[in-house]
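*Asks:* okay, sequence plus prediction incoming.
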Amino acid sequence: MHTGIKYLLLRSTWLKIHLYLALTVGFLFALLGLTGSLCIYREALDTFLNPQLVVAEPQGKVQSLDSIIAAVKNAHPNRHGSWTLEMPLTADGMITAWYDKPQETFFDFHAPLMVSINPYTAEVVANRFWGNTLTTWILDFHTQLRLDGMGWNSVGVLGVLLLVSVSSGLYLWWSGLKGVFLAFRIRINAGQRLMTFDLHRLIGLLCAPVLLLLAFTG
């Protein structure tokens, strides 16, 4: 088969792969990107939605960890086993005590109990289960689509598909060294279709390094 025909057939195949991935799982790519962005601000969003988790006037001496643990166990006397303390990042933040497998959510994939304690008074301020708050629900969706173990694997597959999608886009973009500068061209007066295509190509090229990194590490 002629080399030119082989090239056209290969390009046509990658074009179909790129197109079908966008049509089938592109929406999930967008959702994972959106939820990932929200997860960056998870703590700020959580305190915004739950202002009681912010110490109004941080003052005085922080209670000892023994006092904090004693307050937690006093509030939950029937929860035996170990607790894990997470210290606040700011002076007005709460200490979080984690109980890994509470009876209420024992058979859930991941739903520990989160107890928020005022570090200055050792007062238990809130008792919440992972997945029952907006921010933890968003994080669960981002990491496993709210599908538990199967979701973890599905997100891994989506990462591979994102890698294929970006790689196929780069392959379709590359037309040799002579065409590199043309890839940065936006034909504003050539009609909406061509202008949209040029924007898609340029934005995809600029975002490709970040998307490839996310596909490998995310």
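*Replies:* Received the coordinates, thanks. Residues are numbered from 1 along each chain as shown.
*Asks:* longest helix of this structure?
*Replies:* helix 3-40 (DSSP state H).
*Asks:* which residues touch the most centrally placed residue in the chain?
*Replies:* In the chain, the centroid-proximal residue (CA atoms, centre = their mean) is residue 36; its distance is 2.6 Å. Taking CB atoms under 8 Å, 6 or more residues apart in numbering, we find residue 36 in contact with 142, 218. Quick note: C-beta positions are derived from backbone N, CA and C, even for glycine.
*Asks:* any idea how far it lies from residue 181?
*Replies:* Using CB to CB, to the nearest Å, we find residue 36 at a distance of 33 Å from residue 181.
*Asks:* just residue 72 next, same as before
*Replies:* Distance from residue 72 to residue 181, by CB to CB: 63 Å.
*Asks:* who has more neighbours, these two?
*Replies:* Neighbours were counted for residue 72 and for residue 181 using other CB atoms under 10 Å; residue 72 has more, 21 against 8.
*Asks:* and the more buried one, that's in a strand?
*Replies:* No. Assignment of residue 72 by DSSP: H, G, I helix; E, B strand; the rest coil gives helix, placing it outside any strand.
*Asks:* that one and residue 114 touch, don't they?
*Replies:* No. Applying CB atoms under 8 Å, one finds residue 72 not in contact with residue 114, separated by 11.1 Å.
*Asks:* any common contacting residues for the two?
*Replies:* With CB under 8 Å, 6+ apart as the test, residue 72 and residue 114 both reach residue 97.
*Asks:* where does the chain dip in pLDDT?
*Replies:* 1-4, 7-8, 177-179 (pLDDT under 70).
*Asks:* in the chain, which spans are helices?
*Replies:* Under DSSP H, the chain gives helices at 3-40, 42-49, 65-75, 134-144, 148-173, 192-217.
*Asks:* need those in JSON lines with distance to residue 95, can you?
*Replies:* Formatted as JSON lines, the helices of the chain follow (distance: least, CB to CB, whole Å):
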{"stretch": "helix 3-40", "distance to residue 95": "21"}
{"stretch": "helix 42-49", "distance to residue 95": "13"}
{"stretch": "helix 65-75", "distance to residue 95": "6"}
{"stretch": "helix 134-144", "distance to residue 95": "17"}
{"stretch": "helix 148-173", "distance to residue 95": "29"}
{"stretch": "helix 192-217", "distance to residue 95": "30"}
